[in-house]
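**Q** Using only what follows, build the 3D model:
(one chain, ligands or ions: 1)
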Amino acid sequence: MRAFPQATGQLSGLLRDIGLAAKRVNVEVNKAGLVDILGDAGDINIQDEEVKKLDVYANSQFVGVLRHGISCAGIGSEELDDIVVFDDEVSNNSKYVCLFDPLDGSSNIDVNVSIGTIFGIYRRVSESGKPATREDFLQAGNRQVAAGYIIYGSSTMLVYATRRGVNGFTLDQSIGEFCLSNPNIQCPPLGKIYSVNHGNFFQYQEPVKKYITACQKKDKTNGGPYTQRYIGSMVSDVHRNLIKGGIFMYPGTIDKPNGKLRLQYECNPFAFIIEIAGGVATDGKQRILDIKPTALHQRTPFFIGSKSMMEELDGYWKGEA
Ligand code: AHM
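**A** The predicted structure is shown next:
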């Protein structure tokens, strides 16, 4: 008997479509050093950052498969300045919209370091049968029905969460399929890794500086020593901490109080995944998933990781530690 007899299979279809685009992007990522796809496309994206050719390629793949699938009414992409509504009969009857960062950590492409794709899937709030609307894309992260990421690393993995759990699938290149490799991922409540850009230390707020300093002072008597690991590719950094236990921080700075990471494309999907896996994600003051977005490309400070480590950090925010 089916666990959800009322299910239409649209969500599974959408996840399959994302897997297909990921396989295509994976092929290009793997030959990035061989063909003329490596390097800058010469454009500047909506965030004022240089667009790499692979970003452009990845974006078009994800937009393409979702447009041609039957489950998605429209998308928002970190690479595009506005939402794209797939206004056709099939799409207008689709239940979901998808927000994604097609290639996160793209400054690492040139140096052969792991990069990734991040996505969050929301049930539409607009009327079925009609085109998706802006409100569909400005929902709080707690309205996600599924979220995930693909890591193009030493092996390529698709990890996604629904409310039933977090599962990891590794791409078997020989058959071109994602095979279940990490069932029911749980984030250890306490880890020994902290990940943050130390170069910005003096730009951070006091509670963050105090917490980082406490991490550096950990020893055998209080759960340490901790290790600092920072790849600069959030998918890789958070993936490692999700599996091994740890904390990842991208705080606001004096110059950029909202930090660098985008709520909708980067933070919400990871916040959803980590919470399902037993971890915590905040902006320092509140749960990431409770923030009601007001703009498509808004940024937020981001703290995510193992439950006890996040609780210790929270003590600094509250001035208790
Ligand atoms: P991108 O949008 O250029 O891909 O940048 C996003 C990346 C994240 O993956 C990573 O956590 C962060 O930027 C690193 O930024 P920084 O170099 O400022 O520490």
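
**Q** rest of the way, CA atoms for contacts and neighbours
**A** Will do.

**Q** okay, now the residue of the stretch 1-150 of the chain found nearest the ligand: neighbour count?
**A** In the stretch 1-150 of the chain, no residue comes nearer to the ligand than G105, which is 3.3 Å away by C-alpha to the nearest ligand atom. G105 has 20 neighbours, counted by other C-alpha atoms under 10 Å.

**Q** wait, what's in contact with the residue nearest to it when sequence neighbours are not counted?
**A** Residue nearest to G105 in three dimensions, not counting chain neighbours: S233, with 4.4 Å by C-alpha to C-alpha, 6 or more residues apart in numbering. Shown in contact with S233 (C-alpha atoms under 8 Å, 6 or more residues apart in numbering): 104-106, 108, 114-116.

**Q** Need the phi and psi values for S233.
**A** phi -130, psi 100 (degrees, to the nearest 10).

**Q** so how far is C179 from it?
**A** 24 Å (C-alpha to C-alpha, to the nearest Å).

**Q** and what of K53?
**A** For K53, the distance to C179 (C-alpha to C-alpha) stands at 29 Å.

**Q** For the two, work out which one has more neighbours and name it.
**A** K53 (20 against 14).

**Q** C215 is in contact with G246, correct?
**A** No - G246 is beyond contact range of C215, at 11.0 Å (criterion: C-alpha atoms under 8 Å).

**Q** Common neighbours of the two, please.
**A** Residues touching both G246 and C215 (C-alpha under 8 Å, 6+ apart) are Y194.

**Q** which of these two has more neighbours?
**A** Using other C-alpha under 10 Å, the more surrounded residue of G246 and C215 is G246, with 32 against 22.

**Q** Phi and psi next, for the more buried one.
**A** Dihedral pair for G246: phi 160, psi -180, per degrees, to the nearest 10.

**Q** And it, how far from T227?
**A** As judged by C-alpha to C-alpha, G246 and T227 stand 9 Å apart.

**Q** hey, what's in contact with both of these two?
**A** Counting by C-alpha under 8 Å, 6+ apart, the contacts common to G246 and T227 are 192-194.

**Q** List, one by one, the residues from the stretch 201-321 of the chain near the ligand.
**A** Proximity of the stretch 201-321 of the chain to the ligand, by C-alpha under 6 Å from any ligand atom, involves residues 232-234.

**Q** now these as TSV including pLDDT?
**A** Converted to TSV, those look like this (pLDDT from 0 to 100):
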residue	pLDDT
G232	94
S233	96
M234	97
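
**Q** Looking at those, spot the one nearest V25.
**A** The closest of those to V25 turns out to be S233 (C-alpha to C-alpha; 16.7 Å).

**Q** what ranges do the strands span in the stretch 151-300 of the chain?
**A** Counting by DSSP state E, counting those that start in this stretch, one finds strands in the stretch 151-300 of the chain at the ranges 156-162, 165-172, 177-182, 193-195, 227-228, 247-250, 280-282.

**Q** Turn those into JSON lines, including distance to R123.
**A** Shown next, in JSON lines, are the strands of the stretch 151-300 of the chain (distance: least, C-alpha to C-alpha, whole Å):
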{"stretch": "strand 156-162", "distance to R123": "13"}
{"stretch": "strand 165-172", "distance to R123": "18"}
{"stretch": "strand 177-182", "distance to R123": "25"}
{"stretch": "strand 193-195", "distance to R123": "32"}
{"stretch": "strand 227-228", "distance to R123": "38"}
{"stretch": "strand 247-250", "distance to R123": "28"}
{"stretch": "strand 280-282", "distance to R123": "22"}
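
**Q** okay, these in TSV with distance to N30 and mean pLDDT next?
**A** What follows is the strands of the stretch 151-300 of the chain, written out as TSV (distance: least, C-alpha to C-alpha, whole Å; pLDDT from 0 to 100):
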stretch	distance to N30	mean pLDDT
strand 156-162	10	98
strand 165-172	13	98
strand 177-182	16	97
strand 193-195	26	98
strand 227-228	28	97
strand 247-250	27	98
strand 280-282	32	98
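
**Q** Alright, that wraps it up for me.
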